[in-house]
Every structure is written in C-alpha cells, then in structure tokens.
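Enquirer: I'd like to go over a predicted model; first the sequence, then the structure.
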Amino acid sequence: MVFKHLGLSARAHQSELVDALRAIVTDLELPTGFSDEALADARRAIEQFELPSIDMSDVEFVTIDPPTSTDLDQAVHIEYDGDGYRVRYAIADVPAFVKDGGPLDAETRLRGQTVYLPHERIGLHPEIISEDAGSLLPDQRRSAFVWTLDVAADGRLARTDLVRAVVVSRAKLHYEQVQEMIDGLDGARSNGSLPGGETLAGLRDVGRARLRRERERGGASLRLPEQEVEVNGDGHYVLAHRSNLPAEEWNAQISLMTGIAAARIMLDGGVGILRTMPAPDPKQIAAYRRQAIALGHPWDDGVTYGEFLDSLDIEDPSALALMYSATVLFRGAGYTAFDGELPEETEQAAIAAPYAHTTAPLRRLIDRFVLVACWHLVHEEPVPGWVREALPELPGHMGASGQRASAAERQAIDAVEAALLAGRVGEAFDAVVIEEGMVQILEPAITAKLDGGDGLEPVPGQRVRVELTEADIAARRVRFEVREILSE
C-alpha cells in the first residue's frame, strides 16, 4: 500500500490556503446553513420519533468508517451459517426524520448529497440528525432498516429480507484498525477478545467470495490511488496519497451486495430507481487493448476485464497509466427511474449487475427513497405516492449535486497542491504520464495537468521530466510543462 502525507512547503501559505478553500463554497454556491424552518422541522421530527417495535439490540453490530466520521450510515454483523454466511446490514433510518413535503425535505432535495471539504462538511441533513439522532453511534439505541442477506459459500446471494428495527452498535471501528484486527485472526473464524471478532472474520471471507462473484460476472474495480486533504495534529492541511486496504474492498462488497439486492427487489416490484452505467463501446475496448499491448501489459483473450485490472501492479508506471486510462470505459453513470414498464438498460456495467444506491441515506438523497420503496415491496405493500412522485426528479437532483461535490473535491486538492508547491515554480520533477494532459508527479506524489512544452508530445505510460510553471493558491491551479521524455 502506498501511503504518504505531504506537508506544506511553508506555514506562511496556510492563510492563503484557508482563503482559497473558503472561496470554493462561494464560487460553487454551496449552501452554508439550514433555514430556520428546516431546523425546526428536524427538531420536531426528533421529538416525535418513536422506535420501531422490532428489537434487534442483541445483535452485535459494529460500524466501519474513516476514523473522524460521525455521520455513520451503516453497521454490520456477520455470522457463519453452516457453509455460508448470514450478513445483517443496518442502515440509518433517515426517512423517520425527514417528513415528505416539509421544509427539510425541500432543502435536502436541493442539496442532493453531503459535500466534504477540508475545513468543513456541508451536510445533506442538519447535524442533529446526521451526527446524532440518525447516526448509528456506538452504545446508542437507534432505528435502522436492517437487511438480512443469506450468502452461500461461493458468494451467491441466496435470500434477502428487510425490516425496520432497533439496533445498538457495539464499536466504532476504522479501516486501518479493522485491517490489523483481521490480520491478527490468522485465518480463524472468530476471536472473542475482539469487538465484532466473528463479524470481521466474516467480512474477510464474504468480501473475498463476493469479489470472486464480481469477477465471474465480468465486473471490475479501479484501484486508483486516492488523494485526500486532511488536517494534521498542529492544524495544518496536508495531502494524503493512498491506496485502499483489503478491508475497505471487503467492506465495499457488503454495500455493493446490498445495492444489488435492492435493485432486484425494485425490478421485481416494477417501481424504483437504479444506478446505471452503459457497457463500454466495442471501439473503446479495442483501443484500450491496443494501448495495453503498447505499454507491455497485453489483455489476453479469456481474461475478464476485472481480472485484467486486478493483475496490474500500480507501482509500475505503465500499469498505473493503464489503470487511469481504464476510466474511459467507466463513463456515463447515471440514475434510471421507472414505474410500471421496466427500463431497457438496467445494469451498472462496472458492477455487471443491476444496482441501486441504498446504504448511505445520511449522506446521499436518493438512498432515503430506495429504502422506503424496498421496505414496502418486501412487505408486499404499495410504494407510497410521495416516493413514486419523486422518482422522475431524483436523477436531476443527484446529477447536479454530484457535479458540485466533484468540483469541490477537485478544487480543494488543487488548492492544497498549489500551497505545497508554492515557491517552487521553475523546478523540475520526475513524473509519469497517466493520460493525455495529466501526469503523476513521483515526489511529491500529486496528480496534475500537463501543458505542452518544447514541442514534446509524451504518451501515457512514459516517464518524463516536467517543469512547474504555475502554483497559484488563490486560483487553485497547478500546471507543469514537459521538458524531457525519459523513457520510450
């Protein structure tokens, strides 16, 4: 795993960086607070809230999230059931706190999703819901939609159930902690001294089984290193550059499996909304195969797309370039609503199955509607009119909010990169071209735009030496020009 924290070049740039980060909120017109009416609506819902009659507080759920997270959407419990597994996945009961047609409902539809910035979190819901009454915090009795997913030894989903119940999380775990705990199991099924010991062993085994099923279906995952802006111990912003731990991949498979189950329920019921992505165009696949050959990593016949991506060692510059180039085959994701007649396209091509967003209702608008639709369909009840009426509007809300969130994240990273490199304009750096117009700087490990220079036209996979030509913190912009091609 690659994990680097990149400090800023000088503390003097911190004030400039803070101003640049604050400007993102203004420039993208992100909301800065909830209206008095929406807050009153939230408080009223909390005061009037009653726990459901089904009690599952004896189930030893745990949450697995980044260490600083307090908006906890999911809690998991896994037990071995003969040769298979029983997975229970508790999802925060956000619908209980948002009244349809009320002021808070209206604001959440405009927001669409939570936007995470280094200096603040612009929530989909007020904190009294997202970080308190609705969050699956440890040792608190909370209402949740609890999915029960019976999984065969080979990872096949055999049975699905969904109830609304009282749950209590036993521990708030984070990814590195979970990975260390799983590594300490030495292949054992459980460890009574660990919180969620059997759950963590099950997470490993179910995660691996589901990954094998994904590959058999033809699904794939992009293992691209992530850039994240964090605040270090002395309050300064740093840039973290890391790749996912196995435990994160396994945990993601639980969420994906739940989304696949939700999609099947809605398709069988004839009403709902899917997360869809078209299959890659054959011409795109052919071009990608040619690029793989050119970079020395041929994609052999008989090897699935997912298996090929799994085989790439992203520490190898040419393989890293191929992984970035694979994003061209993962484009066109959107939401497809239906009520009655089923849509022609139902699959999310990267997952290679119908799929729906349903596991993050505190942070994503659409999940609240999917949860309610699925609950009613499982219990053979009509899907409420307010859900059906919202379905055609949800793709627009999610599309607009997704663009804002992506822009905010990218601009925050650009601002921190500019602060990191301030004062170094004119210096040369070794880099790898990862796609046309983009380079991965090797040290410091940042991804940046590449302008033409000296008439050179490097191609993805080539090592190059580039010169930093701009590092503008206020404009949130970093640019390089190629000065020398180091490898063919």
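Expert: It's in. Residues are numbered from 1 along each chain as shown.
Enquirer: tell me where the stretch 1-150 of the chain has helices.
Expert: 14-27, 36-48, 103-111, 127-128 (DSSP state H, counting those that start in this stretch).
Enquirer: right, and those helices - which one's nearest Ala158?
Expert: Nearest of these to Ala158, taken as CB to CB: helix 103-111 at 35.0 Å. To be clear about C-beta, it is placed using only N, CA and C from the backbone, and glycine gets the same treatment.
Enquirer: tilt between that closest one and helix 36-48?
Expert: Using axes from the mean of the first three to the mean of the last three CA atoms, to 10 degrees, the inter-axis angle of helix 103-111 relative to helix 36-48 is 120 degrees.
Enquirer: and the host helix or strand of Glu198, how far out from the chain's middle?
Expert: In this structure, Glu198 sits in helix 197-217 according to DSSP states H and E. For helix 197-217, the separation from the chain centroid amounts to 18 Å (computed by CA atoms, centre = their mean, to the nearest Å).
Enquirer: just the CA atoms of it, as CSV, please.
Expert: Only the C-alpha atoms of helix 197-217 are listed here, as CSV (Å, rounded to 0.1, in the frame of the first residue of the first chain):
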residue,chain,number,x,y,z
GLY,A,197,-14.5,-10.7,16.1
GLU,A,198,-16.7,-13.1,14.1
THR,A,199,-18.0,-10.2,12.1
LEU,A,200,-14.5,-9.2,11.0
ALA,A,201,-13.6,-12.8,10.0
GLY,A,202,-16.9,-13.0,8.1
LEU,A,203,-16.2,-9.6,6.5
ARG,A,204,-12.9,-11.0,5.1
ASP,A,205,-14.5,-14.3,3.9
VAL,A,206,-17.7,-12.8,2.5
GLY,A,207,-15.7,-10.0,0.9
ARG,A,208,-13.4,-12.4,-0.9
ALA,A,209,-16.3,-14.6,-2.0
ARG,A,210,-18.2,-11.6,-3.4
LEU,A,211,-15.1,-10.3,-5.2
ARG,A,212,-14.8,-13.7,-6.9
ARG,A,213,-18.5,-13.4,-7.9
GLU,A,214,-17.9,-9.9,-9.3
ARG,A,215,-15.1,-11.2,-11.5
GLU,A,216,-17.2,-14.1,-12.7
ARG,A,217,-20.0,-11.6,-13.6
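Enquirer: just checking, Thr70 touches Leu137?
Expert: Yes - assessed by CB atoms under 8 Å, Thr70 is found in contact with Leu137 at 7.4 Å.
Enquirer: the two: which is more packed in?
Expert: Leu137 (18 against 14; other CB atoms under 10 Å).
Enquirer: now render the helices of the stretch 1-150 of the chain as TSV, adding mean pLDDT, mean neighbour count and distance to Ala333.
Expert: Listed next are the helices of the stretch 1-150 of the chain as TSV, based on pLDDT from 0 to 100; neighbours: other CB atoms under 10 Å; distance: least, CB to CB, whole Å:
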stretch	mean pLDDT	mean neighbour count	distance to Ala333
helix 14-27	90	16	24
helix 36-48	97	16	29
helix 103-111	97	18	20
helix 127-128	97	16	29
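Enquirer: adding distance to Gln253, write the ones you listed out as a markdown table.
Expert: Listed next are these as a markdown table, based on distance: least, CB to CB, whole Å:
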| stretch | distance to Gln253 |
| --- | --- |
| helix 14-27 | 33 |
| helix 36-48 | 33 |
| helix 103-111 | 28 |
| helix 127-128 | 30 |
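Enquirer: to Ile273, which of those lies closest?
Expert: The minimum distance between Ile273 and the helices of the stretch 1-150 of the chain falls on helix 103-111, with 13.8 Å, by CB to CB.
Enquirer: quick one: contacts of that closest one?
Expert: Contacts with helix 103-111, where a contact means CB atoms under 8 Å, 6 or more residues apart in numbering, come from 31, 34-35, 37-38, 40-42, 45, 97-99, 122-126, 365, 368, 390, 393, 397, 401.
Enquirer: what separation do you get for the spatially most central residue of the chain and Ala263?
Expert: When CA atoms, centre = their mean is applied to the chain, the residue found nearest the centroid is Ala252 (8.5 Å). Distance from Ala252 to Ala263, counting by CB to CB, to the nearest Å: 16 Å.
Enquirer: ditto for Ala38
Expert: For Ala38, the distance to Ala263 - CB to CB - is 31 Å.
Enquirer: in stretch 380-393, which residues are buried?
Expert: For stretch 380-393, the buried set under the neighbour-count rule, 16 or more other CB atoms under 10 Å, comprises Val383, Val387, Arg388, Ala390, Leu391.
Enquirer: what about the third one, which helix or strand?
Expert: Under the assignment given by DSSP H and E, the secondary-structure element containing Arg388 is helix 385-390.
Enquirer: after that helix, which helix or strand is next?
Expert: Going down the chain from helix 385-390, the next helix or strand is helix 394-421, by DSSP H and E.
Enquirer: helix or strand next in line after that next one, which one?
Expert: Using DSSP H and E, the helix or strand that directly follows helix 394-421 along the chain is strand 428-435.
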